[in-house]
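Engineer: okay, sequence plus prediction incoming.
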Protein chains: 2
Amino acid sequence: MARTADHDLRRRQIAAAVHRLVATEGLDAATVAGVAREAGYSVGLVQHYFRSKDELLLFAYNQVTKAIHDRVAARIADGVVRKRTISAVVFDSLLELLPIDDERRGEFRVSRAFLGRSLENDTLAEVARTAAADIRGQLAVAVHNGKECGEVEPHLDPDLAATRVTALVDGLAEQLYQDPARAVGRRTLRAAAEEIIRACLDSVFTGECRQYRS
Amino acid sequence: MARTADHDLRRRQIAAAVHRLVATEGLDAATVAGVAREAGYSVGLVQHYFRSKDELLLFAYNQVTKAIHDRVAARIADGVVRKRTISAVVFDSLLELLPIDDERRGEFRVSRAFLGRSLENDTLAEVARTAAADIRGQLAVAVHNGKECGEVEPHLDPDLAATRVTALVDGLAEQLYQDPARAVGRRTLRAAAEEIIRACLDSVFTGECRQYRS
DNA sequence: CGCATAACCGTATCGCCGTATGGTTTTGGC
DNA sequence: GCCAAAACCATACGGCGATACGGTTATGCG
């Protein structure tokens, strides 16, 4: 009938260009013309795949949160396969959220750029809310599962624990981003962050794993 | 010799207009013309007091961080006068950082808007870094003082504790902002946040105050 | 083949932004 | 009272943004 192209692929390619631009030059640099140039397409093509700039940014933001979600999910799946303790899997998953290498730093920058813009854009704010709730939810499930296998005290509130742990990790991520070279006592900030997270998890997962389940 | 006006006052008035605009409509709404209108002045006057828009935004951001710093400092001074325990004073000071009422929510929005922009603007990033370091520093001093009066174990690292507590508070502030109406277990999020902060402080200030000092 | 149709492009349009500029008004000091 | 200088204003200007639009190219299908 007519020429065809992989619609979804194009949209993801364009979104990737947005990510690169935002990570390196900030959200203001993500103009339609700039994105088109970065993606190696024309302005008209970007318009062909996204009705408006808002739709483009929304899609790009959703892609980022999805990528983070998938990385965490992969960590969890890996932990389940290798039959590790819930505490250890959760620890590794949380480390995925810290800006400790260039890739994660870029992701962090993009996320935070959109988070800033979400102050003025309810649609973006909704994405941010959902993403945060998702992480908290996964964590709460992990804590709940911890009760069944004996790693967590039965009376501990999973919601409260998830709130506490995610808050801590988010705050540490921010500090790690702002000044990666900072020293805490005689440790690096990164080592301090890991120590803090581990201690916090130890206060949640206080027992030994007796019987495993996902 | 010539007509006079309170230079600093005008600058603060204009900065206040920036704050109102940013809090209600976001940083993008803070155009020079918009700020002038909000302040009730002309575009030319704003130019008269600020060489460029960047200088205006920088000044406005500094004003916000200063306001927060001053509020925390006032809380501490008040606590010292009333001879309260360090733990209690710190707790109240940290509550000042949470977006729990309209004023603080506005302040939070402004801070976060600038934080987002600081991804692209090193000068703004420096302000953010300094502001965060300042809060952490005040907290570390409080922990240090706690050792002298017996509220804190002598071997506890003030830097590490400050890192942990500020991270937690920042993360909770974010959650509180994103969804103030959220419930955690059968508590409100705000109650949960206070409970979490108190528990964290209790893990730092483990002793009784024996002898007081600032 | 051939043509309908989707993929893709280049540019015109229009509005808004930051800043420059050339004023007018006010007032402190002599 | 007068005048220099600061306070303050209105508008012009150049640039860049998002979007609209008309055109061109390529290709699946009959």
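Structural biologist: Structure's in. What do you need?
Engineer: A:S42 is in contact with A:A36, correct?
Structural biologist: Yes: with the criterion set as C-beta atoms under 8 Å, A:A36 and A:S42 qualify as a contacting pair; they are 5.8 Å apart. Backbone N, C-alpha and C define where each C-beta goes, glycine included.
Engineer: and stretch A:38-55, which residues are buried?
Structural biologist: By neighbour count, and taking 16 or more other C-beta atoms under 10 Å in any protein chain shown as the criterion, the buried residues in stretch A:38-55 are A:38-39, A:41, A:46, A:49-50.
Engineer: strands of chain A, start to end?
Structural biologist: A:183-184, A:187-188 (DSSP state E).
Engineer: right, and those strands - which one's nearest chain B?
Structural biologist: Taking C-beta to the nearest C-beta as the criterion, strand A:183-184 is the member of the strands of chain A that comes nearest to chain B, at 4.8 Å.
Engineer: quick one: strands adjacent to the closest one?
Structural biologist: Each strand that pairs with strand A:183-184, with its direction, by DSSP bridges: strand A:187-188 (antiparallel).
Engineer: I'd like the average pLDDT over the partner strand.
Structural biologist: In this model, strand A:187-188 has an average pLDDT of 97.
Engineer: who wins for proximity to DNA strand D among the strands of chain A?
Structural biologist: Proximity to DNA strand D (C-beta to the nearest atom of the strand) singles out strand A:187-188 among those, at 38.6 Å.
Engineer: give me the contact list for the closest one.
Structural biologist: Identification of contacts with strand A:187-188 by C-beta atoms under 8 Å, 6 or more residues apart in numbering or on different chains yields A:182, A:195, B:160.
Engineer: so which residue is dead centre in chain A?
Structural biologist: Centroid check for chain A by C-alpha atoms, centre = their mean gives A:I68 as the closest residue, at 3.7 Å.
Engineer: what's the residue of chain A found nearest chain B in contact with, if anything?
Structural biologist: For chain A and chain B, the shortest gap (C-beta to the nearest C-beta) falls at A:G116, measuring 1.8 Å. Taking C-beta under 8 Å, 6+ apart, we find A:G116 in contact with A:27, B:27, B:112-113, B:115-117, B:119.
Engineer: what's the separation between it and B:A181?
Structural biologist: Here the criterion is C-beta to C-beta, to the nearest Å. By it, A:G116 lies 22 Å from B:A181.
Engineer: same thing with A:E153?
Structural biologist: Distance from A:E153 to B:A181, by C-beta to C-beta: 29 Å.
Engineer: please apply the same query to A:A74.
Structural biologist: Going from A:A74 to B:A181 by C-beta to C-beta gives 33 Å.
Engineer: higher neighbour count, these two?
Structural biologist: A count of neighbours by other C-beta atoms under 10 Å in any protein chain shown puts A:A74 above the other of A:A74 and B:A181, at 12 against 7.
Engineer: how much space is there between that one and A:D8?
Structural biologist: Using C-beta to C-beta, A:A74 is found at 21 Å from A:D8.
Engineer: low-confidence stretches in chain A?
Structural biologist: Across chain A, the ranges flagged by pLDDT under 70 are A:210-214.
Engineer: need the residues of it near DNA strand C, please.
Structural biologist: A:1-5, A:7, A:10, A:41-45, A:47-48 (C-beta under 7 Å from any atom of the strand).
Engineer: neighbours of the nearest residue to A:V169 once chain neighbours are set aside, how many?
Structural biologist: Setting aside the residues directly before and after it, A:V169 is nearest to A:L94 in space (C-beta to C-beta, 6 or more residues apart in numbering or on different chains), at 5.1 Å. For A:L94, the tally of surrounding residues (other C-beta under 10 Å) stands at 25.
Engineer: count of residues packed around the closest residue to A:A73 other than its chain neighbours?
Structural biologist: Taking C-beta to C-beta, 6+ apart as the measure, A:A73 lies nearest to A:Q138, with 7.8 Å between them; neighbours along the chain are not counted. A:Q138 sits with 18 neighbouring residues when counted by other C-beta under 10 Å.
Engineer: ok, now which ones touch A:Q138?
Structural biologist: With C-beta under 8 Å, 6+ apart as the criterion, the residues that contact A:Q138 are A:72-73, A:76, A:93.
Engineer: understood, closing this out.
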